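Q: sequence and predicted structure, then a few things I'm wondering about:
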Amino acid sequence: MNDFPLNKQKLFIETGNINELATIGQKDTYDQFYNYTIGYLEAANNIIERALKDVQCNDRYHGFNQEDRNIMISHDLSKCVLPACFLYRQYLELALKDIYLQYSNDTEANKIQMVNKTSHNLTKVWKYSKPVIEQAIELRETEYLNGLDNYIKQFDEEDPSSMKFRYPINKNLKNFSLSERKINLSNLMERMNEIEHFLATRILPRLDIVKFHNDANNFREKAIEHIKQEKYDEALEQFNKALDVKRQWNGDNHPDIIFLYIEISSIYTLQDNFQKALELLTKALSISNNISCNTYLWAIYERTALNHQMQGNNENALCFYEKSMDYIDKDEPLTITSYIYAARTSCKLKDFIKSKQYYEKALLLSKKILGSDHADTISLIDEIENFSKVIENTA
């Protein structure tokens, strides 16, 4: 090390051995939150672990009597307890704020208000983050939440304004630590790591799931509202956002992706972009086959048939209508619709025998499920009568 001072030397440089370079200022806010939060915790752990290791093996204590050794050890450990406590408190404050800011459904304005209103007061921060954490707590885990509540209260009583472990005196030059006492560093480190383990393994993964579902559902709900207003481009934008969220969480081969492809295809159908709709339905079918998921096969085949039919490809349409019938509960009202569509398409192809068979199946099922007096059943009877007249006239 060179003699101090050195002229024109920089404290913060970006060059050097790769093993010496750390990164700050990541673009994602929550990536930065993680680095701050876990960084404070690990720094505190390192300080305590190093101090405890040093006092256990330091040769300079040899040759002194036990009383003097104890005084020297206490002196050395006392130099690390303040920065360690400060870092632990910073970890706890940021961890709780991160949970509220990232997972709460409050508006951005409310979150800004929370940050300004709570300052460094742990009790106030806890009032905001606790209800969010409770979303991820199971009934049998209430004791864990109570334990966390207890730890936070203890830290807040020890240092309510995040000043005691940073300064020896307050703004009135009064000593913060008026009475001398001992703090067990091993116990402190163990308790703080209990908090981190509880949040990292039980709370955050569950909150991630809640947030994932909320984000995806919010985008989907917005898309549906746009469809009702016939704002199809806006609907596609929201559906694609929902798709991105689902992909990030579940990957491409998941039933949720199939369902979204079907929904998005419907918008393209409404826009008369049948080729794009069929492209998405083909992707949905491919995923279904890859993961052996039959849940949405009826919808895939039915929507595929509809897009072919709207292009005048009645033979293809009938083929897919018939495929759809193999993947639907025969006692579902949707089956009635499939039979009717198949009957109409057969009629267009002048296959009146097949058309009649599908109409008969539709009517039988409609009477069974909806009842003979239901408006849809009566409407279907009228349609069948008109169909019979068409056959008579053709004959």
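A: Arrived safely. Numbers count the residues shown, from 1 in each chain.
Q: and for Tyr268, the neighbour number?
A: For Tyr268, the count of nearby residues is 20 (other C-beta atoms under 10 Å). The way it works is simple: take the backbone N, C-alpha and C, and place the C-beta from them, glycine included.
Q: before we move on, what about the one 10 residues further on?
A: The criterion is other C-beta under 10 Å. On that basis, Leu278 has 19 neighbouring residues.
Q: ok, it touching Thr304?
A: Yes - Leu278 is within contact range of Thr304, at 6.4 Å (criterion: C-beta atoms under 8 Å).
Q: who does the one helix or strand Met189 maps to touch, helix- and strand-wise?
A: Taking DSSP states H and E as the definition, Met189 sits inside helix 185-198. Where contact means 3 or more C-beta pairs under 8 Å, 6 or more residues apart in numbering; DSSP states H and E, helix 185-198 is packed against helix 29-57, helix 66-103, helix 142-158.
Q: below-threshold pLDDT in the protein: ranges please.
A: Confidence mapping of the chain against pLDDT under 70 gives the ranges 1-6, 26-30, 58-59, 139, 177-179, 395.
Q: next SSE downstream of the helix or strand where Cys347 lies?
A: Element membership for Cys347 (DSSP H and E) is helix 333-348. Sequence order places helix 352-369 as the next helix or strand after helix 333-348, per DSSP H and E.
Q: can you list the buried residues in that next one?
A: 352, 354-356, 358-359, 361-363, 365-367, 369 (16 or more other C-beta atoms under 10 Å).
Q: from these, pick the one nearest Gly147.
A: Taking C-beta to C-beta as the measure, Ile369 is the one of these closest to Gly147, at 54.3 Å.
Q: that closest one reaches Pro333, doesn't it?
A: Yes - if you go by C-beta under 8 Å, Ile369 and Pro333 touch, sitting 5.7 Å apart.
Q: can you list residues touching both of these two?
A: Both Ile369 and Pro333 lack any common contact, where contact means C-beta atoms under 8 Å, 6 or more residues apart in numbering.
Q: near Ala223, how many other residues are there?
A: Neighbours of Ala223 under the rule other C-beta under 10 Å: 24.
Q: so which strand or helix has it?
A: For Ala223, the host element (DSSP H and E) is helix 204-228.
Q: tell me which residues are up against that helix.
A: 99, 102-103, 105, 132-133, 135-136, 232, 234-239, 241-242, 245-246, 249, 256, 260, 263, 267, 270.
Q: can you pick out the ones from the residues you listed that are in helices?
A: Residues of the contacts of helix 204-228 located in helices (DSSP state H): 99, 102-103, 132-133, 232, 234-239, 241-242, 245-246, 249, 256, 260, 263, 267, 270.
Q: any of these buried? List them.
A: Applying 16+ other C-beta under 10 Å to those flags 99, 102-103, 132-133, 232, 235-236, 238-239, 241-242, 245-246, 249, 256, 260, 263, 267 as buried.
Q: how near is the nearest residue to Lys368 once chain neighbours are set aside to Ile384?
A: In space, and not counting its chain neighbours, Lys368 is closest to Asp331: 7.6 Å by C-beta to C-beta, 6 or more residues apart in numbering. According to C-beta to C-beta, to the nearest Å, Asp331 stands 21 Å off from Ile384.
Q: these two: who's more crowded?
A: Set side by side, Asp331 and Ile384 show more neighbours around Ile384, with 18 against 9, by other C-beta under 10 Å.
Q: ok, now which ones touch the more buried one?
A: Tyr359, Leu363 are the contacts of Ile384 under C-beta under 8 Å, 6+ apart.
Q: circling back to that earlier point, residues of the helix holding Cys347 that come out buried?
A: Neighbour-count burial for helix 333-348, with 16+ other C-beta under 10 Å as criterion, is recorded at 335-347.
Q: kindly report the same for stretch 180-190.
A: Leu185, Leu188, Met189.
Q: residues contacting the first one?
A: Pointing back at Leu185 there. Here Leu185 is in contact with Ile48, Ala51, Leu52, Leu77, Cys80, Val81, Ala84 (criterion: C-beta under 8 Å, 6+ apart).
Q: just the buried members of the residues you listed?
A: Ile48, Ala51, Leu77, Cys80, Val81, Ala84.
Q: let's have those in a markdown table, adding distance to Ile287.
A: Formatted as a markdown table, the buried ones among the contacts of Leu185 follow (distance: C-beta to C-beta, whole Å):
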| residue | distance to Ile287 |
| --- | --- |
| Ile48 | 51 |
| Ala51 | 55 |
| Leu77 | 59 |
| Cys80 | 55 |
| Val81 | 57 |
| Ala84 | 51 |
